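**Q** dropping the sequence and predicted coords here.
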Amino acid sequence: MSTDRPSIPESVPSIARAHRRAPTAGPFVLAVVGPAGAGKSTVARALAATPGAVLLDADRLGHEVTDHDPEVRAALAADYGPEVYRADGTLDRARVAERVFRVPASLARLNALVHPRILARLRAGIAEAARTGAGLVVIDAALLLDWAFERECDAVLAVLASPERQVERLVARRGWSEDEARRRLAAARSHDSFASLADAVVRNDGAESEAVAFAMRCVESWRAGRAGGGA
């Protein structure tokens, strides 16, 4: 994929219904996906700030699982040693990350332990949003496509940026070195893969306000289409 900055599209693409949940009553469920440093969470938070919207942050849910689920805590303490939990009870994620990026079997065990619990919380959050009358559920989840959870959503929005812009943001916002940022991005899902599974792609190399504005246009169009019985 080219790293040149593409323009924001003029039109909103239609939803790929064959790969989404069947139209149903209740909130419009939007997945926001994308690689680290692309600005996915910035776009998701902006969308969720609109009236009647709810944000489900998979990363935050993952923290709840690793910090508070007794079975998960016991398993991680057994695998990494009790000192993997800090004095305040939170997981030392840097220590876990250092191993899982070196040892694929450790990553597989961690994912098998944590991911089903995150998915359960996502489904519970959608059900709660429906119960309380929310109009929009925004799911911020980097691994949503790995879980095939797009089939439980009404639409998928991919937020992408050039590798150079991603590295710049990761160094500034997460404190990673450039080498660390590039190493992690090299191991992640490709831009083409995100784009091919999304209903629309938000290019976020320039002003983030432009990316947010296009994302909002997409959501407004899709929700209006569902209300009118369209795609």
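**A** Nice, I can see it. Numbering: from 1, shown residues only.

**Q** hey, where'd the strands end up in the protein?
**A** Counting by DSSP state E, the chain has strands at residues 28-33, 53-57, 136-140, 155-160, 200-203.

**Q** need the longest helix for this protein.
**A** The longest helix of the chain (DSSP state H) is helix 104-132.

**Q** now do that helix and strand 136-140, the angle between them.
**A** 170 degrees (axes from the mean of the first three to the mean of the last three Cα atoms, to 10 degrees).

**Q** give me the low-pLDDT residue ranges for the chain?
**A** Along the chain, the parts satisfying pLDDT under 70 run over 1-11, 14, 16-18, 228-231.

**Q** just want the most central residue of it.
**A** Closest residue to the average C-alpha location of the chain: A141 at 1.9 Å, with Cα atoms, centre = their mean.

**Q** if we can go back for a sec, the strands of the chain into CSV, with extra columns for distance to V84?
**A** (Each C-beta comes from the backbone N, C-alpha and C, glycine too.) Shown next, in CSV, are the strands of the chain (distance: least, Cβ to Cβ, whole Å):
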stretch, distance to V84
strand 28-33, 29
strand 53-57, 23
strand 136-140, 26
strand 155-160, 32
strand 200-203, 36
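
**Q** quick one: closest of the ones you listed to F101.
**A** With Cβ to Cβ as the criterion, F101 lies closest to strand 28-33 of the strands of the chain, at 20.8 Å.

**Q** looking at it, the residue nearest to the centre of the chain is touching L122, isn't it?
**A** Yes: using Cβ atoms under 8 Å, A141 makes contact with L122 at a distance of 7.4 Å.

**Q** what residues sit buried inside stretch 206-224?
**A** The neighbour-count check on stretch 206-224 (16 or more other Cβ atoms under 10 Å) flags E208, A211, V212, F214, A215, R217, C218, V219, S221, W222, R223 as buried.

**Q** save those residues as JSON lines, and put in distance to L61 too.
**A** Putting these into JSON lines (distance: Cβ to Cβ, whole Å) gives the following:
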{"residue": "E208", "distance to L61": "24"}
{"residue": "A211", "distance to L61": "24"}
{"residue": "V212", "distance to L61": "23"}
{"residue": "F214", "distance to L61": "27"}
{"residue": "A215", "distance to L61": "22"}
{"residue": "R217", "distance to L61": "28"}
{"residue": "C218", "distance to L61": "24"}
{"residue": "V219", "distance to L61": "22"}
{"residue": "S221", "distance to L61": "28"}
{"residue": "W222", "distance to L61": "24"}
{"residue": "R223", "distance to L61": "24"}
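
**Q** just to revisit the earlier point, and of the strands of the chain, who's closest to T42?
**A** Here strand 155-160 is closest among the strands of the chain (Cβ to Cβ), at 8.1 Å.

**Q** who touches that closest one?
**A** Strand 155-160 has contacts (Cβ atoms under 8 Å, 6 or more residues apart in numbering) with 1, 15, 20, 28-35, 38-40, 43, 144-145, 150, 191, 194-195, 197-204, 211, 215, 218-219, 222.

**Q** kindly recompute the last result at 6 Å.
**A** Contacts to strand 155-160, defined as Cβ atoms under 6 Å, 6 or more residues apart in numbering, come from residues 15, 30-34, 38-40, 43, 150, 191, 194-195, 198-202, 204, 215, 222.

**Q** swap in stretch 138-148?
**A** 30-33, 41, 44, 47-48, 55-58, 197.
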